[in-house]
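Q: I need the structure of the sequence given here:
(2 chains)
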Amino acid sequence: MLTLTQIKEQPKEIIKRLSVRNKNFEDLINKAIEEDENRKSVQNELDTTLAKSNKIAKSIGLLFKEGKQEEANEAKQEAVKLKEEAKILNEKLNSTKEKLQKILSDIPNIPNKSVPAGKSEEDNKLIRTGGDTPNLSQKKAHWDLAEKFDIIDFELGNKITGAGFPVYKGKGAKLQRALISFFLEEADKEGYTEIMPPLMVNEASGFGTGQLPDKEGQMYEMKEDKLFMIPTAEVPLTNIYRDVILKSNDFPIKLTAYSSCFRREAGSYGKDVRGLNRLHQFDKVEIVQIQHPDKSYETLDNMVNYVETLIQKLELPYRIVRLCGGDLGFTSALTYDFEVYSAGQDKWLEVSSVSNFESFQANRLKLRFKEDGEKQTKLAHTLNGSALALPRILAALLENNYSEKGIKIPKVLQKFTNFDVID
RNA sequence: GGAGAGAUGGCAGAGUGGUCGAAUGCGGUAGUCUUGAAAACUAUUGUACUCACAAGGUACCGGGGGUUCGAAUCCCUCUCUCUCCGCCA
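A: Down below sits the predicted model:
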């Protein structure tokens, strides 16, 4: 959520910057400002009414003590009147606040200046590429390979749960575990503190990172307990710092977590989502940083570089793109997507998304900090990225490393798998 | 799931209808003393809105609602924590 201070300081600039999202937010911004003015005047009125009422209430106590019954009773009548006024004003204030809140929660984050305008992924800006595309004697899609080597069973998942819940078996399961260990160990070396978070979160946490109320349908919900299955470890990880006031020397805060992720992704069926390409349950190692506003973009670059090294170590061909306005997530100010080339499908698969949310999440989370010696609190910046999501990495590993001899395991993973080929 | 107790400022903990934004202790910060430090002493120390980051005002004692001129204090409700019992990896 944007803060009203941000909006009021430079509304025109914000409207202009939001327009790269391919939508016009002028009305909403103006409404927000208007509604806030409204809120202020109502609050002022209420405050003065309450002040009067408080004063009288205090005097009544004194009057009774002094035995001035009559005067006290007179004051009482006055107080009743004020109370009624205050009640009406209070209702008015609440509805105004609600309206304002609704408007604010409909305004997405301001894209960073470097975000290109554009409608869809075709307008994303290519930053760099790396790795070599493999020369394969024969191309096979990973779902065929999975069956051939009996390492992932999609049918079995259908039986036990439903579509999008694959069952990993034997070397397939071990490879998953190896990837998780590899990613966590790398993150640890990079200075991230490992966390094992809950896989379900409450409503307040969902709101804090922006999944609620906007993307409600994305999460699996336990209606009876008002809990949600996490769509990413970003949610519990970032919410560790909800309602927290940090000191400026607490920065940077670096957290990592492996978790299963659960996404309903309603309505996305068909050809592009075969095999591991899109799942309801998948595994991911996430990295989160909380940083001083002055340093968050430097940190974003570091995170991008870090994710790049992971893909390089896995010897996968990749490209990094900067998302255009139309493709940029609601809460993000700047996002880099990583895609790996998966030879069997002849497709680029998105495997990581690294974003700076600036103070957008922090405002929802009430995640603040104090500059050394200063009294005033400021909003911190939050960032996160996948490092990395497993299924599409696995798909690319299977497809790119396949030959008649079987599927070759990248060197960095072998100490975790204890085998070097799937055959 | 059953029975009971409780939720107060960074922590501990007092406060059961007015003078309570809240005693006291610890912690934090600044200062005095000291060559320096410790100790001791003094002062200061919640968040947010309004507003000039002033003064003043307002809200917040787990969340929401109610009673009252007035609530941390009484009532209702929700959430959470603890103790005992039951169940259980």
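Q: Close to RNA strand B: what parts of chain A are there?
A: Proximity of chain A to RNA strand B (CB under 7 Å from any atom of the strand) is limited to residues A:40, A:43-44, A:46-48, A:50-51, A:53-58, A:60-61, A:64, A:76, A:79-80, A:83, A:245, A:368, A:370, A:375-377. Just so you know, the C-beta spots here come from the backbone N, C-alpha and C atoms, and that holds for glycine as well.
Q: Can you flag which of those belong to helices?
A: Secondary structure from DSSP state H places A:40, A:43-44, A:46-48, A:50-51, A:53-58, A:60-61, A:64, A:76, A:79-80, A:83 of these in helices.
Q: ok so, going back, report the buried members of the residues of chain A next to RNA strand B.
A: A:43, A:46, A:50, A:53, A:56, A:60, A:79, A:368 (16 or more other CB atoms under 10 Å).
Q: What's the separation between the residue nearest to the second one when sequence neighbours are not counted and RNA strand B?
A: Taking CB to CB, 6 or more residues apart in numbering as the measure, residue A:46 lies nearest to residue A:89, with 4.1 Å between them; neighbours along the chain are not counted. Counting by CB to the nearest atom of the strand, to the nearest Å, the gap between residue A:89 and RNA strand B amounts to 10 Å.
Q: where does residue A:89 fall, helix, sheet strand or coil?
A: helix (DSSP: H, G, I helix; E, B strand; the rest coil).
Q: ditto for residue A:340
A: strand.
Q: ok, it - contacts?
A: A:311, A:316-318, A:348-349, A:351, A:392-393, A:396 (CB atoms under 8 Å, 6 or more residues apart in numbering).
Q: Counting only helices, which of those make the cut?
A: Going by DSSP H, the helices hold A:311, A:392-393, A:396 from the contacts of residue A:340.
Q: ok, and the most crowded of the residues you listed?
A: residue A:396 (29 neighbours; other CB atoms under 10 Å).
Q: For residue A:191, give me its contacts.
A: residue A:254.
Q: Am I right that it is in a helix?
A: No - applying three-state DSSP, one finds residue A:191 to be coil, outside a helix.
Q: how near is it to RNA strand B?
A: Taking CB to the nearest atom of the strand, one finds residue A:191 at 26 Å from RNA strand B.
Q: any idea how far that residue is from residue A:111?
A: 29 Å (CB to CB, to the nearest Å).
Q: picking that back up, now the two most distant members of the ones in helices among the contacts of residue A:340.
A: Largest separation among the ones in helices among the contacts of residue A:340 by CB to CB: A:311 and A:392, giving 11.3 Å.
Q: what sits in contact with each of the two?
A: Listed as contacting both residue A:311 and residue A:392 by CB under 8 Å, 6+ apart are A:340, A:351.
Q: rewinding a little: and the pLDDT for the residue nearest to residue A:46?
A: If you check residue A:89, the pLDDT there is 85.
Q: show me what contacts it?
A: Here residue A:89 is in contact with A:42, A:45-46, A:49 (criterion: CB under 8 Å, 6+ apart).
Q: mind redoing it with 10 Å?
A: A:42-50 (CB atoms under 10 Å, 6 or more residues apart in numbering).
Q: can you check residue A:410 too?
A: A:178-179, A:182, A:313-316, A:397, A:400-401, A:417, A:420.
Q: any idea how far the residue of the stretch 101-250 of chain A found nearest RNA strand B lies from residue A:342?
A: Using CB to the nearest atom of the strand, residue A:245 is the residue of the stretch 101-250 of chain A that sits closest to RNA strand B, at 6.2 Å. Here the criterion is CB to CB. By it, residue A:245 lies 45 Å from residue A:342.
Q: ok, now residue A:256?
A: For residue A:256, the distance to residue A:342 equals 25 Å [CB to CB].
Q: Between those two, which is the more surrounded one?
A: residue A:342 (27 against 23).
Q: hey, what's that one bridged with?
A: residue A:347 (DSSP bridges).
Q: isn't it right up against residue A:391?
A: No - using CB atoms under 10 Å, residue A:342 is not in contact with residue A:391; the gap is 11.1 Å.
Q: give me every residue that touches residue A:45.
A: Here residue A:45 is in contact with A:85-86, A:89, A:92-93 (CB under 10 Å, 6+ apart).
Q: rerun that using 7 Å as the cut-off
A: Neighbour list for residue A:45: residue A:89 [criterion: CB atoms under 7 Å, 6 or more residues apart in numbering].
Q: what about the strands in the stretch 151-300 of chain A?
A: A:152-153, A:167-168, A:193-195, A:200-201, A:221-222, A:227-229, A:245-247, A:253-262, A:281-291 (DSSP state E, counting those that start in this stretch).
Q: would JSON lines of those with mean pLDDT be doable?
A: Output for the strands of the stretch 151-300 of chain A, formatted as JSON lines (pLDDT from 0 to 100):
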{"stretch": "strand A:152-153", "mean pLDDT": "94"}
{"stretch": "strand A:167-168", "mean pLDDT": "95"}
{"stretch": "strand A:193-195", "mean pLDDT": "93"}
{"stretch": "strand A:200-201", "mean pLDDT": "90"}
{"stretch": "strand A:221-222", "mean pLDDT": "84"}
{"stretch": "strand A:227-229", "mean pLDDT": "89"}
{"stretch": "strand A:245-247", "mean pLDDT": "87"}
{"stretch": "strand A:253-262", "mean pLDDT": "94"}
{"stretch": "strand A:281-291", "mean pLDDT": "95"}
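Q: hey, which of those strands is tucked in deepest?
A: Comparing the strands of the stretch 151-300 of chain A by mean neighbour count (mean count of other CB atoms under 10 Å), strand A:281-291 comes out on top with a mean of 24.
Q: tell me which strands and helices that strand is in contact with?
A: Packing partners of strand A:281-291 (3 or more CB pairs under 7 Å, 6 or more residues apart in numbering; DSSP states H and E): helix A:171-189, helix A:234-239, strand A:253-262, helix A:296-313, strand A:381-389, helix A:390-400.
Q: quick revisit: who is the residue of the stretch 101-250 of chain A closest to RNA strand B paired with across the strands?
A: Judged by DSSP bridges, the bridge partners of residue A:245 are residue A:368.
Q: Thought residue A:370 was touching it, still the case?
A: Yes - between residue A:245 and residue A:370 a contact is recorded at 6.4 Å, counting by CB atoms under 7 Å.
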